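Participant: Give me coordinates for this.
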Amino acid sequence: MARPPKITVYTDGAAQGNPGPGGYGIVLISGRHRKEISQGYRLTTNNRMELLAVIVALETLKIPGSRVTVYTDSRYVADAVEKKWVFGWEKKDFKKKKNPDLWKRFLEAYRKHNVTFVWVKGHASIRENEVCDRLAVRAGKSDNLLEDTGYQPGDE
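Facilitator: Numbering: from 1, shown residues only. From the prediction side, this is the model:
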């Protein structure tokens with residue numbers, strides 16, 4: 001049986017005003033294949049967009065068990081997973097935690113793959129991270145903004 005594919009993912013999220021209009025940007029790379037994804041929202045937060053970028057990237061993968069390395073400049077996302085905080089939050093049903101809708105969705109997608117997170121410094125000339133940043137900012141300024149139905153005031 002063939003080994004699951006190795007996939008490199010870069011993600012970024014942005015919000016103007018926090019809360020305000022925002023978006024996410026994703027670059028997926030597997031072998032010689034490359035895909036860019038972005039979407040904007042009318043009212044959201046930076047952290048929601050950072051997390052949603054990772055969720056959408058993982059949900060986009062077609063082969064369960066893929067070996068995925070996610071590069072993110074979000075300490076919020078990387079630390080929550082790598083330091084295993086999110087699993088403790090889950091045991092307490094995300095009580096008093098922000099963005100429970102997205103964390104639940106994240107865990108569902110995360111558990112389908114073998115995922116490692118790597119935190120990278122934002123705006124540090126890491127090519128694909130810069131691409132994601134531009135995608136996220138552009139998406140948040142587009143005319144095709146969706147409603148972030150899970151955003152709750154106070155989730156900043």
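Participant: Figure out the helix or strand that the closest residue to Ile26 other than its chain neighbours lives in.
Facilitator: Counting by Cβ to Cβ, 6 or more residues apart in numbering, the nearest residue to Ile26 once its immediate chain neighbours are dropped is Ile37, at 4.3 Å. (C-beta placed from N, C-alpha, C; glycine too.) Taking DSSP states H and E as the criterion, the element that holds Ile37 is strand 33-44.
Participant: and for that strand, what are the contacting residues?
Facilitator: Residues from elsewhere that reach strand 33-44 (Cβ atoms under 8 Å, 6 or more residues apart in numbering): 15, 19-28, 49, 56-57, 60, 131, 135-136, 138-142, 144-148, 151.
Participant: Can you pull the poorly scored residue ranges out of this protein?
Facilitator: Within the chain, the segments meeting pLDDT under 70 span 1-2, 155-156.
Participant: how about the strands of it, start to end?
Facilitator: Across the chain, reading from the start of the chain, the strands by DSSP state E fall at 6-15, 20-30, 33-44, 67-72, 114-119, 145-146.
Participant: so of the ones you listed, which one's packed in deepest?
Facilitator: Scoring the strands of the chain by mean neighbour count under mean count of other Cβ atoms under 10 Å gives strand 6-15 as the most buried, with a mean of 26.
Participant: for it, packing partners?
Facilitator: Helices and strands in packing contact with strand 6-15 are listed as strand 20-30, helix 46-60, strand 67-72, helix 127-140; criterion 3 or more Cβ pairs under 8 Å, 6 or more residues apart in numbering; DSSP states H and E.
Participant: could you give the angle of it to strand 20-30?
Facilitator: With axes from the mean of the first three to the mean of the last three Cα atoms, to 10 degrees defining the directions, strand 6-15 sits at 170 degrees from strand 20-30.
Participant: Partner strands of strand 6-15 and their direction?
Facilitator: Each strand that pairs with strand 6-15, with its direction, by DSSP bridges: strand 20-30 (antiparallel), strand 67-72 (parallel).
Participant: Export it to CSV, keeping only CA atoms.
Facilitator: Coordinates of each C-alpha in strand 6-15 appear next as CSV, following Å, rounded to 0.1, in the frame of the first residue of the first chain:
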residue,chain,number,x,y,z
LYS,A,6,3.4,14.5,2.1
ILE,A,7,1.8,17.9,2.0
THR,A,8,3.2,21.3,2.9
VAL,A,9,0.6,23.9,3.9
TYR,A,10,1.2,27.6,4.5
THR,A,11,-1.7,29.6,6.0
ASP,A,12,-2.4,33.2,7.1
GLY,A,13,-5.3,35.2,8.3
ALA,A,14,-6.0,38.9,8.5
ALA,A,15,-8.7,41.3,9.8
